[in-house]
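**Q** With the input below, show me the fold.
(one chain, ligands or ions: 1)
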Amino acid sequence: MKAILVRQSGGPEELYIGDAPVPELGELEIKVRTKATAVNRADILQRRGMYPPPPGASNVIGLEMAGEVVEIGAKVQKWKIGDRVFALLAGGGCAEYVVVDEQVAMPIPDHLSFEEAAGIAEVFLTAYQSLIWIGQMETGQNVLIHAGASGVGTAAIQIAKWKQGRIFVTVSTEEKIKACQALGATMAINYKEFNFAEKVLEATDGKGVHVLIDFIGAAYMKQNLNCLAVDGHMVMLALMGGHKVENFPLGKLLQKRLTLTGTTLRNRSLEYKRKLAQEFTSVCLPKFETGEFKPVIDQIMSWEKVKEAHEYIEANKNIGKVVLKVEN
Ligand SMILES: NC(=O)c1ccc[n+]([C@@H]2O[C@H](COP(=O)([O-])OP(=O)(O)OC[C@H]3O[C@@H](n4cnc5c(N)ncnc54)[C@H](OP(=O)(O)O)[C@@H]3O)[C@@H](O)[C@H]2O)c1
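**A** Residues are numbered from 1 along each chain as shown. Prediction:
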């Protein structure tokens, strides 16, 4: 089969479409012919040699896909050939065929295309897990979502809006401010112009936010601790702004009884991913049917343009997802 491969660790020029073995089907798995996949920052890190796949996962990049079931394992009950599915993967999504556990695969809502469905799994499951399971967001709470116009950010805004939250986001441009407001953000702050913690505290009468979704790490840590509310939860998903914090203000953790959790979805157990996919299917997929939730797609490109897609995301240009249409 054809797959997006990496010649050697490095820049986007190392990506090419080449030949890879078709993955073997387990008895509780389905084989899916990929129609579309989407680019994630994890693919970029893996391409650079900085994020190897977890044990047992495919070496091919790609954390999600949407497509059509072409074969089912001996013990599969949930699916039949021809079903339209999308799924989160630990790797291998940028390929003509993937195999996925039958309980991790989810049905594509009828009105969504394969390209739209390919942009849901990674960002919505991450956002749902971070806000609801780990952040324990309750109805009507204040939340702060960094990188509001990112893939995960645009999903998190929609989930927080469903929970009737007061939603603060940070972004770098006016265009991203407008996009976040259109999705339901209460206040979008340009972090290049303002101290976001001051803005959040001003708008919340000094109370701060109950749940904070962070991708930035060191560069934001002090402001994050300043604008978390008492008993607040901060969920750390990435460290795009650095790993090391000088003079970490530990006292804030005690005074405000804060919970800081770091998490990665990719290396979670199969059981965890099954539970997350099933809960998401029953709680959130109906909201895609009604239009309350929607995949936010920046653009759809042929997978032959994967190099350009990586460059575009690395330049922070995307609002939502960049989807790759798999030509087969
Ligand atoms: N831990 C997990 O389970 C998990 C799961 C999914 C994703 N992630 C990670 O979460 C992050 C977001 O993923 P995504 O796919 O949603 O990202 P994305 O769509 O590629 O967007 C990332 C955005 O972050 C902002 N940004 C980048 N560097 C920054 C910096 N140094 N300071 C402040 N803002 C910065 C940029 O927006 P502005 O122009 O607004 O600055 C950029 O467009 C990635 O690092 C990804 O690997 C983690």
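
**Q** what does the stretch 201-328 of the chain have sitting close to the ligand?
**A** Residues of the stretch 201-328 of the chain lying near the ligand by Cβ under 6 Å from any ligand atom: 215-216, 219, 237-238, 240-241, 263-265, 313, 316, 318. Where you see a C-beta, it was placed from the backbone N, CA and C, and this is true even at glycine.

**Q** So which of those are in helices?
**A** Applying DSSP state H to those, the entries found in helices are Ile313.

**Q** sec struct for Ala229, please.
**A** strand (DSSP: H, G, I helix; E, B strand; the rest coil).

**Q** How many neighbouring residues does it have?
**A** Neighbour count of Ala229, defined by other Cβ atoms under 10 Å: 22.

**Q** if I look at Lys244, how far off is the ligand?
**A** 14 Å (Cβ to the nearest ligand atom, to the nearest Å).

**Q** how about the residue most central in space within the chain, what does it touch?
**A** Compute the mean C-alpha point of the chain, and by Cα atoms, centre = their mean the closest residue is Val123, 2.4 Å away. Taking Cβ atoms under 8 Å, 6 or more residues apart in numbering, we find Val123 in contact with 150-152, 154-155, 321.

**Q** Can you spell out the domain ranges of the protein, please?
**A** Listed by automatic domain parsing, the domain ranges of the chain are 2-120+266-325, 123-262.

**Q** can you pull out the helices in this structure?
**A** Along the chain, counting by DSSP H, helices occupy 41-47, 114-117, 121-128, 151-162, 174-183, 196-203, 221-227, 251-256, 270-283, 285-290, 306-314.

**Q** what's the fifth one packed up against?
**A** With contacts taken as 3 or more Cβ pairs under 8 Å, 6 or more residues apart in numbering; DSSP states H and E, helix 174-183 sits against helix 151-162, strand 166-171, strand 187-190.

**Q** Of those, which is nearest Ala229?
**A** Closest to Ala229 of these is strand 166-171 (Cβ to Cβ; 11.3 Å).

**Q** So which other helices or strands are in contact with the closest one?
**A** Counting contacts by 3+ Cβ pairs under 8 Å, 6+ apart, strand 166-171 is packed against strand 142-145, helix 151-162, helix 174-183, strand 187-190, helix 196-203.

**Q** and the angle for that strand with helix 174-183?
**A** Relative orientation of strand 166-171 versus helix 174-183 (axes from the mean of the first three to the mean of the last three Cα atoms, to 10 degrees): 160 degrees.

**Q** Identify the residues contacting strand 166-171?
**A** 140-149, 153, 157, 160-161, 177, 180, 184-191, 196, 199-200, 203-204, 209.

**Q** Return a ChimeraX selection command for the buried portion of those.
**A** This is the ChimeraX syntax for the buried subset of the contacts of strand 166-171, where burial follows 16 or more other Cβ atoms under 10 Å:
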select :141,142,143,144,145,146,147,148,149,153,157,160,161,177,180,184,185,186,187,188,189,191,196,199,200,203,204,209
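
**Q** list the contacts for Thr34?
**A** Taking Cβ under 8 Å, 6+ apart as the test, what Thr34 contacts is 65-67, 93, 95-98, 326, 328.

**Q** again, 10 Å this time
**A** By Cβ atoms under 10 Å, 6 or more residues apart in numbering, the residues touching Thr34 are 1-3, 62, 65-68, 92-98, 114, 118, 303, 324-326, 328.

**Q** List only those of these flagged as buried.
**A** By 16+ other Cβ under 10 Å, these give 2-3, 62, 65-67, 92-98, 114, 118, 303, 324-326 as buried.

**Q** Which ones among those map onto strands?
**A** Among the buried ones among the contacts of Thr34, the members found in strands (DSSP state E) are 2-3, 65-67, 97-98, 324-325.
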